[in-house]
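K.L.:
Give the three-dimensional model of this entry:
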Amino acid sequence: MFFSIIIPVYNRPDELRELLGSLTKQTYTNFEVIVVEDGSAEKADGVVRDFADQLTIRYFYKENTGQGFTRNVGFERASGDYFVIFDSDALIPDHYFEVVSAHLTTNWLDAYGGPDRAHPDFTPIQKAISYSMTSPFTTGGIRGNKKNLGGTYHPRSFNMGLSRNVWEKTRGYRLSRMGEDIEFAIRIIDSGFKTGLIPDAFIYHKRRTNFGQFYRQLRFFGRARINISRYYPNELKLVHAIPAAFTVYVFSIPLWAIISPVLFALSLGLLFLIAILIFIDATRKEKSLRIGLLSVRAAFTQLIGYGVGFLSEGWKRLREPKDFRETGASIEYPS
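P.N.:
Here you go, the predicted model:
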């Protein structure tokens, strides 16, 4: 099987260099790499040239339209039997394509997703953020499951593959921001294609390098979940509101001090209990007290960031005209 690797990139040439470096070490080498620059000021064409003698690689530049439409440009130019999408802030283990090829040979999937992990060389903050995004104590626990809330696995585009047939039938992304990968996965499944998780096809995902960036990213994810409900109202589940409920709970704690000292102590105690559980679990998994402490902050940042985005976009959604909400008219907000 010949794979086409699609990498959208925006102002991240150094990250792309590390990603391409990891691709040169693959044990399965029957692939091409297509880098699509999404209107970057810091262009990565020089990075691509540096790998021209090590990889079958092509580079394209386009005006900025967001990563969804940027991936479509890569799909249009791909020559592979199967397309694989990576975010530019990823590192790919040596065995990745060997694992994927073997799995598709014995258990075909029209589209697949893989989990993400923290690389041993990541900073403590990156490891804490990685823990938060995969922890059962946060919404991240859902992402690595073989089935999502609706009973079918929904791939996510930081580590995702799809057959050429899927591309030809769906024509790729219809959104470029605000939940584009969720919408695409729903449409793949609705088209009758078989999806699944390949557990050993993991990548090392750097994500954000500080908590401010992480908060902004998760706030955007919360907004994106509401945005998807504009197109697929039934995809908004009660469980998606858990971070919003947690956010309201956290910010209401000071009020309980005025209303009832007992309720204030109980609410503060519950928050402390949640923090202790996260700390113990993260410390056990990462074998580091420091990462355990940072993971508490990362988990709370994730939940509150997502919750704030969910609540703000949800309020905006409720204020939209009734006929707009009923028709699910297309709308997209900038990041």
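K.L.:
What helix or strand is Tyr249 located in?
P.N.:
With elements delineated by DSSP states H and E, Tyr249 resides in helix 242-259, which encompasses its position.
K.L.:
what helices or strands is that helix leaning on?
P.N.:
Under the contact definition 3 or more CB pairs under 8 Å, 6 or more residues apart in numbering; DSSP states H and E, helix 242-259 sits against helix 261-286, helix 289-318. Where C-beta positions appear, they are placed from N, C-alpha and C, glycine not excepted.
K.L.:
now what about it, what contacts it?
P.N.:
Helix 242-259 has contacts (CB atoms under 8 Å, 6 or more residues apart in numbering) with 138-139, 222, 263-264, 267-268, 271, 300, 302-304, 306-308, 310-311, 314.
K.L.:
Enumerate every residue touching the nearest residue to Glu183 once chain neighbours are set aside.
P.N.:
Take Glu183 and drop its neighbours on the chain: the residue closest to it by CB to CB, 6 or more residues apart in numbering is Leu175, 5.2 Å away. For Leu175, the residues meeting the contact criterion (CB under 8 Å, 6+ apart) are 68, 183-184, 227, 332.
K.L.:
Which members of those residues are classed as buried?
P.N.:
With burial judged by 16 or more other CB atoms under 10 Å, the buried subset of the contacts of Leu175 is 68, 183-184, 227.
K.L.:
where do the helices sit along the stretch 101-250 of the chain?
P.N.:
The residue ranges that make up the helices of the stretch 101-250 of the chain, judged by DSSP state H, counting those that start in this stretch, are 124-134, 164-170, 180-190, 211-229, 242-259.
K.L.:
For Val100, grab phi and psi.
P.N.:
Dihedral angles phi and psi of Val100 (degrees, to the nearest 10) take the values phi -60, psi -50.
K.L.:
Likewise for Ala41?
P.N.:
Ala41 has phi and psi values of phi -80, psi -40 when expressed as degrees, to the nearest 10.
K.L.:
so it makes contact with Arg12?
P.N.:
No: Ala41 is not in contact with Arg12 according to CB atoms under 8 Å; the separation is 11.2 Å.
K.L.:
Comparing these two, which residue is more hemmed in?
P.N.:
More neighbours surround Arg12 than the other of Ala41 and Arg12, with 20 against 7 (other CB atoms under 10 Å).
K.L.:
and that one, how far is that from Arg77?
P.N.:
Relative to Arg77, Arg12 is positioned 20 Å away (CB to CB, to the nearest Å).
K.L.:
Equivalent analysis for Val47, please.
P.N.:
For Val47, the distance to Arg77 - CB to CB - is 18 Å.
K.L.:
related to what we said a few turns ago, quick check: which of the helices of the stretch 101-250 of the chain is buried the most?
P.N.:
helix 124-134 (a mean of 24; mean count of other CB atoms under 10 Å).
K.L.:
how near is the residue nearest to Glu183 to Asn159?
P.N.:
Computed with CB to CB, the distance linking Leu175 and Asn159 is 19 Å.
K.L.:
Tell me where the stretch 151-300 of the chain is predicted with low confidence.
P.N.:
Applying pLDDT under 70 to the stretch 151-300 of the chain flags residues 151.
K.L.:
and Arg58, backbone torsions?
P.N.:
The main-chain torsion angles of Arg58 are listed as degrees, to the nearest 10 and equal phi -130, psi 150.
K.L.:
what residues are up against the closest residue to it other than its chain neighbours?
P.N.:
With CB to CB, 6+ apart as the measure, Ile34 is the residue that lies nearest to Arg58, at 5.3 Å, once sequence neighbours are left out. Taking CB under 8 Å, 6+ apart as the definition of contact, the neighbours of Ile34 are 4-7, 57-58, 60, 74, 77-78.
K.L.:
Kindly recompute the last result at 7 Å.
P.N.:
By CB atoms under 7 Å, 6 or more residues apart in numbering, the contact set of Ile34 is 4-7, 58, 74, 77-78.
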